[in-house]
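S.K.: Dropping a prediction and its sequence here:
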Amino acid sequence: MKQYPQALTIAGTDSGGGAGIQADIKTMQACHVFSTNVVVAVTAQNTLDVQKAFALPTDMVDAQFASIYEDFDIKAAKTGMLADAEHVACVVQNIKKYHIQPLIVDPVMVAKGGTRLLSKDAIDSVIHDLIPLATIVTPNLPEAEAITNMTIKNHEDTRTAAKKIASMGAKNVIIKGGHQDSDIISDYVLLSDGTDFWMASPKVDTIRTHGTGDTLSSAIASALAKGDTIPSAIRFGKSFIETIIQQDIIVGHGHGPLNHWKMAGTPNEI
Ligand SMILES: Nc1ncnc2c1ncn2[C@@H]1O[C@H](COP(=O)(O)OP(=O)(O)OP(=O)(O)O)[C@@H](O)[C@H]1O
Ligand SMILES: Cc1ncc(COP(=O)(O)O)c(N)n1
């Protein structure tokens, strides 16, 4: 009997429903992929900001990995908010223990409202311990700057930063351009075989961008869980965001959530 595609998100929750694990579940659901979840942290959050965050005891994080890998056939996984160095280490240990691949690492550092979701001293652990395990790592521009310790001002800098991140052990790198101040947003992709490409789209003039990064990495994970190739899964992720960001829903008073119902179509439909 054919197994239904199953994926895993390892991240933090968002009580406001727009980002984190909630965005991951909605994205995977829209892609017809069954979503399992390891909750690393819980946030009290809305579209305005994060009001409070609490990272779970690491034995509880371990227990969730054990429950999932005892029962499910996970075909792709992604990481999101990991809180601090202790939790990065815990997640890394579990990724190694359960041989979790393909793995998308979304190195979430700061929420749209400005609250830190990864302590500064954990960035080194992400670089040295997590990025080398990544099939694809997906920093936004400020995250790429923090990881590479460089300033990214133009396309040439973006290419240099991606090469630097690849040299840290990530197989494929996407530097997301959502934070660019221009009419066109360009995400840069550097693949493991050294080839590269840009994915450009018009910048949608909206503040409803909560969870765009989570949604992109989950859409890519979904496509991989269904057996898509890496370049095709990446292009699918971008097209997913491009479609849903244009058809906003009015929810909340700040950086509103995306409209996960409105998606372009799922690859390898079951
Ligand atoms: N205003 C926009 N219009 C069109 N595409 C956008 C816009 N903002 C972001 N994107 C797309 O969304 C995806 C995520 O990019 P972004 O740089 O916002 O990630 P992020 O900062 O990690 O997101 P988040 O932290 O909100 O989860 C990229 O594919 C980017 O091109
Ligand atoms: C639990 C969690 N994970 C990720 C984000 C990033 O999303 P954004 O940058 O849109 O705030 C978030 N706000 N909360």
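M.R.: Everything's here; your move. Ligands and ions are numbered 1, 2, ... in the order given.
S.K.: quick one, what contacts the residue nearest to residue 65 when sequence neighbours are not counted?
M.R.: Using C-beta to C-beta, 6 or more residues apart in numbering and skipping residues adjacent in sequence, the residue nearest residue 65 is residue 94, 4.2 Å away. (Each C-beta comes from the backbone N, C-alpha and C, glycine too.) The contact partners of residue 94, taken as C-beta atoms under 8 Å, 6 or more residues apart in numbering, are 38, 61, 62, 65, 100.
S.K.: Pick the one among those closest to residue 9.
M.R.: Nearest to residue 9 among the contacts of residue 94, counting by C-beta to C-beta, is residue 38 at 7.4 Å.
S.K.: Only C-alpha atoms, please: export the longest strand along the chain in PDB.
M.R.: Criterion DSSP state E: the longest strand present in the chain is strand 34-45. Extracted C-alpha coordinates of strand 34-45, given in PDB (Å, rounded to 0.1, in the frame of the first residue of the first chain):
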ATOM      1  CA  PHE A  34       0.700  15.100   6.200                       C
ATOM      2  CA  SER A  35       2.500  17.400   8.800                       C
ATOM      3  CA  THR A  36       4.000  16.100  12.000                       C
ATOM      4  CA  ASN A  37       5.600  18.500  14.400                       C
ATOM      5  CA  VAL A  38       8.300  18.800  17.100                       C
ATOM      6  CA  VAL A  39       7.500  21.800  19.200                       C
ATOM      7  CA  VAL A  40      10.700  23.400  20.400                       C
ATOM      8  CA  ALA A  41       9.200  26.600  21.800                       C
ATOM      9  CA  VAL A  42       5.800  28.100  22.500                       C
ATOM     10  CA  THR A  43       5.200  31.800  21.800                       C
ATOM     11  CA  ALA A  44       2.500  34.100  22.800                       C
ATOM     12  CA  GLN A  45       2.300  36.100  19.600                       C
END
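S.K.: Make residue 1 into 696 and carry on from there
M.R.: Understood, numbering begins at 696; the last thing we discussed is strand 729-740.
S.K.: Give me the sheet partners of it and which way each runs.
M.R.: strand 701-709 (parallel), strand 745-750 (antiparallel) (DSSP bridges).
S.K.: Is the longest one positioned near ligand 1?
M.R.: No. Using C-beta under 6 Å from any ligand atom as the criterion, no contacts between strand 701-709 and ligand 1 are found, and the smallest distance is 10.0 Å.
S.K.: before we move on, what about stretch 734-743?
M.R.: No. If you take C-beta under 6 Å from any ligand atom as the test, stretch 734-743 misses ligand 1, and the best it gets is 11.4 Å.
S.K.: Now the residue nearest to residue 760. Its backbone dihedrals?
M.R.: phi -70, psi -40 (degrees, to the nearest 10).
S.K.: before we move on, what about the one 10 residues further on?
M.R.: According to degrees, to the nearest 10, the main-chain angles of residue 799 amount to phi -100, psi 120.
S.K.: Tell me the pLDDT of the nearest residue to it once chain neighbours are set aside.
M.R.: Leaving aside its sequence neighbours, residue 799 sits nearest to residue 773 (C-beta to C-beta, 6+ apart; 4.1 Å). If you check residue 773, the pLDDT there is 98.
S.K.: so what secondary structure elements neighbour the strand or helix carrying residue 773?
M.R.: Using DSSP states H and E, residue 773 sits in strand 769-774. Judged by 3 or more C-beta pairs under 8 Å, 6 or more residues apart in numbering; DSSP states H and E, strand 769-774 is in contact with strand 701-709, strand 798-800, helix 907-920.
S.K.: what about dumping the CA coordinates of it to CSV?
M.R.: Coordinates of each C-alpha in strand 769-774 appear next as CSV, following Å, rounded to 0.1, in the frame of the first residue of the first chain:
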residue,chain,number,x,y,z
ILE,A,769,9.0,11.1,7.3
LYS,A,770,10.2,11.9,3.8
ALA,A,771,11.4,15.5,4.5
ALA,A,772,11.9,17.8,7.5
LYS,A,773,12.5,21.5,8.2
THR,A,774,13.7,23.5,11.2
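S.K.: how far is it from where the chain is centred?
M.R.: Centre-to-centre, strand 769-774 and its host chain are 11 Å apart (C-alpha atoms, centre = their mean, to the nearest Å).
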